[in-house]
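> The following comprises the amino acid sequence and a computationally predicted model.
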Amino acid sequence: MATFLVRDGFLELHFSKWEVLGALANGARVPVSDIHRIEVVADPWKVVSGMRVGTGLPWVILLGTMMRKGPSDVVAIYRRRPAIVVTLKPGAAYQRLIATVPCPELIAEELRRAARMPDDGLIRTEAERPSSL
């Protein structure tokens, strides 16, 4: 099963050796500074779009890259289980990293802490930040 890891200023989405074969890719690695949002979605099949490069069987497995105009998504989705969706800032190598993982809420929280993000998982610009008293 795919795993997320934050180290040395990068967020890495690692694929197992079987996932590498099915996805036709090694996963993804992006700078933490490219992260815009980290969230958990109940049904990742509803958020993916584009043309798949890799392996797919609807509502069973989706491994690989979802290509479309603009940045693509790197995905590792299994069945109809919740998944982590990492949305990246415009100009990043990918638009999103999406993966089904065990205990997605817990892992999303760990990723937010490692990336030094607020609890809601959204990085805000200075203008969007609430003023403190």
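Structure's in. What do you need? Residues are numbered from 1 along each chain as shown.

> in the chain, which helix has the most residues?
helix 104-114 (DSSP state H).

> Okay, buried residues for it please.
Buried residues in helix 104-114, counted by 16 or more other CB atoms under 10 Å: P104, I107, A108, E109, L111, R112. (C-beta placed from N, C-alpha, C; glycine too.)

> Show me the helices in the chain, by range?
For the chain, applying DSSP H gives helices covering 17-23, 104-114.

> Report how many residues lie close to A42.
10 (other CB atoms under 10 Å).

> so who does the nearest residue to it once chain neighbours are set aside touch?
Spatial nearest neighbour of A42, chain neighbours left out: P82 (5.3 Å); criterion: CB to CB, 6 or more residues apart in numbering. Contact analysis of P82 by CB atoms under 8 Å, 6 or more residues apart in numbering lists V40, V41, A42, D43, P44, T100, P104, E105.

> in the sheet, who's paired with the first one?
Looking back up the chat, that one is V40. Listed by DSSP bridges, the beta-bridge partners for V40 are I84.

> Quick check: it touching I98?
No - the pair V40 / I98 is not scored as a contact, 10.8 Å apart, by CB atoms under 8 Å.

> more crowded one of the two?
Comparing V40 with I98 by other CB under 10 Å, the one with more neighbours is I98, at 24 against 18.

> Let me see the contact set for the more buried one.
I98 makes contact with P44, V47, V48, D73, V74, V75, A76, I77, A83, I84, V85, V86, according to CB under 8 Å, 6+ apart.

> count of neighbours near the closest residue to the fifth one other than its chain neighbours?
So that's V74. Leaving aside its chain neighbours, V74 sits nearest to A28 (4.3 Å; criterion: CB to CB, 6+ apart). Using other CB under 10 Å, A28 has 26 other residues around it.

> A28 against E19, yeah?
No - under the criterion of CB under 8 Å, A28 is not in contact with E19, lying 11.9 Å apart.
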